[in-house]
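>>> Show me how the following folds:
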Amino acid sequence: MGKVALHFSMSLDGCVAGPDVGVDLPMGAGGERLHDWLFADPKADVDQQVAQEMRDSIGATVTGRRTFDVGIGPWGDTPHRAPCFVVTQRPREPLPQASGTFFFVDDGVETALRMAKEAAQERDVVVMGAAIARQTLDAGLVDEINLQLVPILLGDGPRLFEGVAAPGPGFELVRALRSPQVMHLRYRVVR
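Coordinates of the predicted model:
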């Protein structure tokens, strides 16, 4: 079975989006700069490698309702070519898209992860959205964290580890790759 993984681009001050996240600013004010490494032209070989590895590994996605609400417009589809399980208190019928289907789960993150693991089969389940990522970490359900440490300061915005129960899990660095734009870090969660 695949891993439960977090993939986040993060500023040096720990933000995974800028301030004022909303439908008009899905990545918050200045937050789109976190993903410049994905869209650089030409893209560094190491950035291409990491982006391709991420695309190839994803079998399903779990996200929160807020991330869905602000992301569906810019995505225009599921965020990855896979089914996406949206943790919500406002369920609705599944929403088929070209690359997968959004399923709305009103029974918590554990249920959404179980459903996503079944759908992903041998591939990874990626958790998106800082709030759901923190819930998943607190529940001890994350196997791996992939951070793209971007050399910018956002000053404010959602922080990936803010409010995670202390003492939290331990982390073992298993890979560090440097590109001109970002430092790619992979951590195994130690339980």
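
>>> Show me where this protein has its helices.
In the chain, the segments counted as helices under DSSP state H are 36-39, 45-57, 65-75, 108-120, 130-138.

>>> With distance to residue 88 added, can I get these in a markdown table?
C-beta: built from backbone N, CA, C; applies to glycine. A markdown table is the format used below for those (distance: least, Cβ to Cβ, whole Å):
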| stretch | distance to residue 88 |
| --- | --- |
| helix 36-39 | 27 |
| helix 45-57 | 25 |
| helix 65-75 | 4 |
| helix 108-120 | 9 |
| helix 130-138 | 10 |
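
>>> Next one: the nearest residue to residue 102 once chain neighbours are set aside from residue 189, what distance?
Among residues not flanking residue 102 along the chain, residue 95 sits closest, at 4.1 Å (Cβ to Cβ, 6 or more residues apart in numbering). Here residue 95 is placed at a distance of 31 Å from residue 189 (Cβ to Cβ, to the nearest Å).

>>> more neighbours, those two?
When residue 95 and residue 189 are compared for neighbours, residue 189 comes out ahead with 20 against 15, by other Cβ atoms under 10 Å.

>>> Just give me the neighbour total for the nearest residue to residue 22 once chain neighbours are set aside.
Leaving aside its chain neighbours, residue 22 sits nearest to residue 70 (6.2 Å; criterion: Cβ to Cβ, 6+ apart). By other Cβ under 10 Å, the residues close to residue 70 number 20.
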